[in-house]
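Asker: okay, sequence plus prediction incoming.
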Amino acid sequence: MKQKGIRKYTLLAWLLFDFANTSFSVIMVTFVFPLYFKNVICGGDPSGDAMWGASVSISMLIVALLSPVLGASADFSGRKKRYLFTFTALAVAATALLGFTGPGLAILAAVLFIIANIGFEGGLVFYDAYLPDIASERSIGRVSGYGFAMGYLGALTILVLLFPLLQGGIVVENIPNVTLSFFLVALFFAVFATPFFLVARDEKHAPVTMGYIGKSIREVSYTIRHIMNYPDLARFLLAFFFYNDAILTIIAFSSIYAQNTLGFTTAELIVFFMIVQTTAIAGSIVFGVITDRIGPKRTIVLTLCIWCVVIVMAILTREKFFFYYTGLLAGLSMGSSQAASRSMMAKLTPKKHVAEFFGFYDGTFGKASAIAGPVIFGFISFQAGDQRIALGSLLLFFAVGLYLILGVRSSAAIDGSDAAMAESGDYS
């Protein structure tokens, strides 16, 4: 992977994979399928909200439990590409099958979505684990930013492509066009993910056996018991849990908030998400460069402050026009905070255990926060009867994350982790 002859092609293919998979995120998780599931499949019944929330939580819980073990297994076997391909194929196939769902098929649709989301979220563990292999330490911020920028470009592209199909609304009368969009998302994901599988190479070719799985479980158990041997890593992951909780909750409820609180139509929502993706591209690139200059920790602190401004703006918004400006700033902070966080994790991670540690980052902490955030937001919204109050509660999550990240010593992260590993007898 480090050889100059293949590095540029591998990097381009790695970026294209982000271009591919974000199409799933924006259409199937954030925008179209949630509204289709609630309004069409469940017929607008209030139980649709509970069923949708349960589907998201179940898929995230499964990934949270599996990711560290499978990540450790990928480290042992050197088969990151094999794992990534399996999860990607799962996501693509289940997304295509969702094109056959319709009114009255709530259980089938929920099961297929859970499978598809497991494939998407599980694959991110192994995709992100390639970052230290592809980028040098000095360019890791830029490369991470470029990846997220390509992802948001992919999301913008799929929104433009599907606009003619979706402008009729996500309603019963427009079912053929909406379900066709699911087939197109699956095709888009598969086509642009393929180049990476053609150029990437596994470090080893050891077969994945039950012995590796057993060894992985023991290693993950060791990591959990001795995580405090890596105080900076532990503190960062805890900070990430809190602020990522707030970010994922904003993403999950943005379309519902815009439609229910501000009265956005489907066409207006498409334009809104196009705006968000556009500034997210700019944020990922610009802050990727900034990350390499000032470091990921300072960049994360800066972006968390921007997120707080976004929350205040959204709460004060009473008109649709002003909410578009809120979306501009949200996109800028979304791309930059995610790219800087991935860079921070790469700097804190011992290379020998990169897939395993990214399993904790993407899986255990990333997905656990995705379980907690929507539940808390929904509970506060229900009790208060106002989504603005629920939105304001997210400021507390950002504040806790900001407090914790300030205590992380990022400058000596790698050396400190390696030293801690040596003192504790390593994992081998």
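Answerer: Yep, it's here. Residues are numbered from 1 along each chain as shown.

Asker: just give me the neighbour total for L316.
Answerer: As a burial measure, L316 scores 10 neighbours (other CB atoms under 10 Å). Every residue, glycine included, has its C-beta placed from N, CA and C.

Asker: how far away is it from V56?
Answerer: 28 Å (CB to CB, to the nearest Å).

Asker: which residue sits closest to R138 in space, ignoring its chain neighbours?
Answerer: Closest residue to R138 apart from its sequence neighbours, by CB to CB, 6 or more residues apart in numbering: D292 at 6.6 Å.

Asker: for the chain, give me the ranges with low pLDDT.
Answerer: For the chain, the stretches flagged by pLDDT under 70 are 1-7, 46, 75-78, 202-220, 222-228, 352-356, 359, 362-364, 382, 410-428.

Asker: middle-most residue in it, spatially?
Answerer: With distances taken as CA atoms, centre = their mean, the residue of the chain nearest its centroid is E121 (6.9 Å).

Asker: relative to M51, how far out is that one?
Answerer: E121 is 19 Å from M51, where distance means CB to CB.

Asker: swap in S336?
Answerer: 34 Å.

Asker: can you show me the helices along the stretch 151-300 of the chain?
Answerer: 175-199, 210-225, 231-260, 266-294, 296-316 (DSSP state H, counting those that start in this stretch).

Asker: if you count neighbours, what's buried in the longest one?
Answerer: For helix 231-260, a neighbour-count test (16 or more other CB atoms under 10 Å) marks 232-259 as buried.

Asker: that helix to helix 266-294, inter-axis angle?
Answerer: Interaxial angle, helix 231-260 versus helix 266-294 (axes from the mean of the first three to the mean of the last three CA atoms, to 10 degrees): 160 degrees.

Asker: by contact count, what packs against helix 231-260?
Answerer: helix 32-36, helix 266-294, helix 296-316, helix 320-348, helix 366-384, helix 387-405, helix 413-423 (3 or more CB pairs under 8 Å, 6 or more residues apart in numbering; DSSP states H and E).

Asker: what about these, which gets the closest to V143?
Answerer: helix 266-294 (7.5 Å; CB to CB).

Asker: and G104, its phi and psi?
Answerer: G104 adopts backbone torsions of phi 90, psi 0, taken as degrees, to the nearest 10.

Asker: my guess is it contacts I41. True?
Answerer: Yes: taking contacts as CB atoms under 8 Å, G104 lies within contact range of I41: 7.5 Å.

Asker: who has more neighbours, the two?
Answerer: Counted by other CB under 10 Å, G104 and I41 do not tie: I41 has more neighbours, with 26 against 11.

Asker: rewinding a little: most tightly surrounded among the helices and strands packed on helix 231-260?
Answerer: Ranked by mean neighbour count under mean count of other CB atoms under 10 Å, those are led by helix 32-36, which reaches a mean of 25.

Asker: what lies in contact with that helix?
Answerer: Contact with helix 32-36 is made by 27, 52, 98, 113, 162, 166, 170, 178, 181-182, 255-256, 259, 266, as judged by CB atoms under 8 Å, 6 or more residues apart in numbering.

Asker: repeat that for stretch 17-24.
Answerer: 88, 91, 95, 116, 120, 123-124, 127, 147-148, 150-155, 157-158, 185, 188-193, 195-196.

Asker: also stretch 187-205?
Answerer: With contacts defined as CB under 8 Å, 6+ apart, stretch 187-205 is touched by 1, 6, 9-10, 12-14, 16-17, 19-21, 23-24, 77-82, 84-85, 88, 91-92, 95-96, 130, 154, 158, 161.

Asker: I'd like to know which of those are buried.
Answerer: 10, 13-14, 16-17, 19-21, 23-24, 77-82, 84-85, 88, 91-92, 95-96, 130, 154, 158.

Asker: mind checking which of those land in strands?
Answerer: If you go by DSSP state E, the buried ones among the contacts of stretch 187-205 have nothing in strands.

Asker: ok, F163 to N177 distance?
Answerer: Separation of F163 from N177 (CB to CB): 11 Å.

Asker: please apply the same query to F37.
Answerer: In this view, F37 and N177 are 16 Å apart by CB to CB.

Asker: pull the number of nearby residues for V111.
Answerer: For V111, the count of nearby residues is 15 (other CB under 10 Å).

Asker: mind telling me what element it is part of?
Answerer: Using DSSP states H and E, V111 sits in helix 106-128.

Asker: go on, M51?
Answerer: Assigned by DSSP H and E, M51 belongs to helix 47-77.

Asker: tell me which strands and helices that helix is in contact with?
Answerer: Contact here means 3+ CB pairs under 8 Å, 6+ apart; on that basis helix 47-77 packs against helix 80-97, helix 106-128, helix 210-225, helix 354-358, helix 366-384.
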